[in-house]
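>>> Need coordinates for the following:
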Amino acid sequence: MSEKTTREEYLEMLRNVAEREKRLPKKSDFSVDDVNRIKGFFGPWPWALEEAGLKESHREERRQRNYEKRQRAKERRRNSE
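Have a look, this model is predicted:
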């Protein structure tokens with residue numbers, strides 16, 4: 001792909017591979033440069049699949065778990081002082 005490939009074009013590429021291969025796209029389905037650019041746009045590979053609508057998003061669950069984890073750590077620090 002050219003350097004001008006947009007986020008939307010990469011999302012479409014992910015969807016096309018999923019449709020053609022009848023499975024979730026793998027990094028090995030793309031060139032190293034494309035994988036790096038996809039990850040640059042979307043973050044970790046699963047997030048790119050979520051953004052393309054190919055995988056259920058768990059971002060809110062992750063945010064909630066991380067928030068709860070931080071709260072527990074704060075409480076432990078308060079209790080240990």
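>>> quick one, longest helix in the chain?
Longest helix in the chain, counting residues (DSSP state H): helix 59-80.
>>> Need the residues that contact that helix.
With contact meaning Cβ atoms under 8 Å, 6 or more residues apart in numbering, helix 59-80 is reached by 47, 50. All C-beta spots, glycine's among them, are computed from the backbone N, C-alpha and C.
>>> which parts of it are buried?
Residues of helix 59-80 classed as buried by neighbour count (16 or more other Cβ atoms under 10 Å): none.
>>> now swap in stretch 12-19 and tell me
Residues of stretch 12-19 classed as buried under the neighbour-count rule (16+ other Cβ under 10 Å) are 13-14, 17-18.
>>> Quick check: mean pLDDT of it?
Stretch 12-19 shows a mean pLDDT of 97.
>>> Kindly report the same for stretch 62-78.
Looking at stretch 62-78 alone, the average pLDDT works out to 94.
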